[in-house]
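*Asks:* only geometry, no sequence info:
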């Protein structure tokens with residue numbers, strides 16, 4: 001078989017494997033959100049009021065009819081008094097100290113296309129590690145509530161990233177690292193024509 005076909009087959013296999021991981025996590029998230037709501041005795045209206053997400057949207061998410069955007073998922077996690085990583089960890093149901101690359105949960109934001117890999121997170125460990133791939137010309141804005149009770153660092157691995165934190169603009173290149181201040185609405189933007197990747201380190205305060 002020509003080398004080009006071998007490479008193409010390998011890429012196709014890897015893409016299918018990643019899509020399977022993403023789809024599996026989406027199903028688990030839908031089930032976990034319903035479980036978190038039920039365990040608190042909340043109705044759809046209760047969760048909608050606490051999160052600012054409409055009842056109709058929550059209902060569709062819980063039935064896995066739609067995949068929540070990053071902003072919606074953060075609002076739901078905050079309503080449960082969880083970080084996004086904490087909600088995903090509960091959805092995945094794992095707690096091993098060793099985080100194998102092949103088993104790390106992957107989630108794609110349907111709105112921006114950004115890919116979020118949960119590199120490391122455990123309920124009994126104060127540090128969480130996440131790797132993000134943000135496509136060219138895309139941005140994500142997360143509310144201040146998503147940064148409550150945590151401290152955060154962002155370390156750019158490749159490409160360029162603009163972070164607008166509470167009105168302050170930071171332009172970061174590969175190798176640059178930014179420590180966040182007090183909780184504020186924050187935008188992560190890739191204004192370039194190439195994808196960028198960055199690592200987020202979170203510590204619960």
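*Replies:* The structure has been received and is ready for your questions. All values reported here derive from a predicted model rather than from experimental measurement. Numbers count the residues shown, from 1 in each chain.

*Asks:* For the residue nearest the centre of the chain, give the beta-bridge partners.
*Replies:* Central residue of the chain (Cα atoms, centre = their mean): residue 116, 4.8 Å from the mean position. Residue 116 forms beta bridges with residue 107, residue 132, as assigned by DSSP bridges.

*Asks:* what separates it from residue 72, distance-wise?
*Replies:* 14 Å (Cβ to Cβ, to the nearest Å). (C-beta placed from N, C-alpha, C; glycine too.)

*Asks:* again, but for residue 41
*Replies:* 22 Å.

*Asks:* Who has more neighbours out of those two?
*Replies:* The neighbour comparison of residue 41 against residue 72 (other Cβ atoms under 10 Å) goes to residue 72, with 21 against 7.

*Asks:* Now do the contacts for that one.
*Replies:* 53, 57, 61 (Cβ atoms under 8 Å, 6 or more residues apart in numbering).

*Asks:* hmm, try it at 7 Å
*Replies:* 53, 57 (Cβ atoms under 7 Å, 6 or more residues apart in numbering).

*Asks:* so what's the backbone phi/psi at it?
*Replies:* Phi and psi for residue 72, reported as degrees, to the nearest 10, are phi -60, psi -40.

*Asks:* Let me know the pLDDT of it.
*Replies:* pLDDT recorded at residue 72 is 92.

*Asks:* Skip ahead from the helix or strand bottoming out on mean pLDDT in the chain and say which helix or strand is next.
*Replies:* In the chain, the helix or strand scored least confidently by mean pLDDT, DSSP states H and E is helix 3-39, which has a mean of 63. Per DSSP states H and E, the first helix or strand lying C-terminal to helix 3-39 is helix 44-51.

*Asks:* other SSEs contacting that next one?
*Replies:* The helices and strands touching helix 44-51, judged by 3 or more Cβ pairs under 7 Å, 6 or more residues apart in numbering; DSSP states H and E, are helix 55-62, helix 70-79.

*Asks:* neighbours around residue 66, how many?
*Replies:* 15.

*Asks:* give me every residue that touches the closest residue to residue 179 other than its chain neighbours.
*Replies:* Computed as Cβ to Cβ, 6 or more residues apart in numbering, the closest residue to residue 179 that is not its neighbour in sequence is residue 153, at 5.3 Å. Residue 153 makes contact with 177-179, 201, according to Cβ under 7 Å, 6+ apart.

*Asks:* for this structure, what are the low-confidence residue spans?
*Replies:* 1-24, 93-96, 124, 205 (pLDDT under 70).

*Asks:* Confirm for me that residue 59 is in contact with residue 44.
*Replies:* Yes - Residue 59 lies in contact with residue 44 (Cβ atoms under 7 Å); the separation is 5.9 Å.
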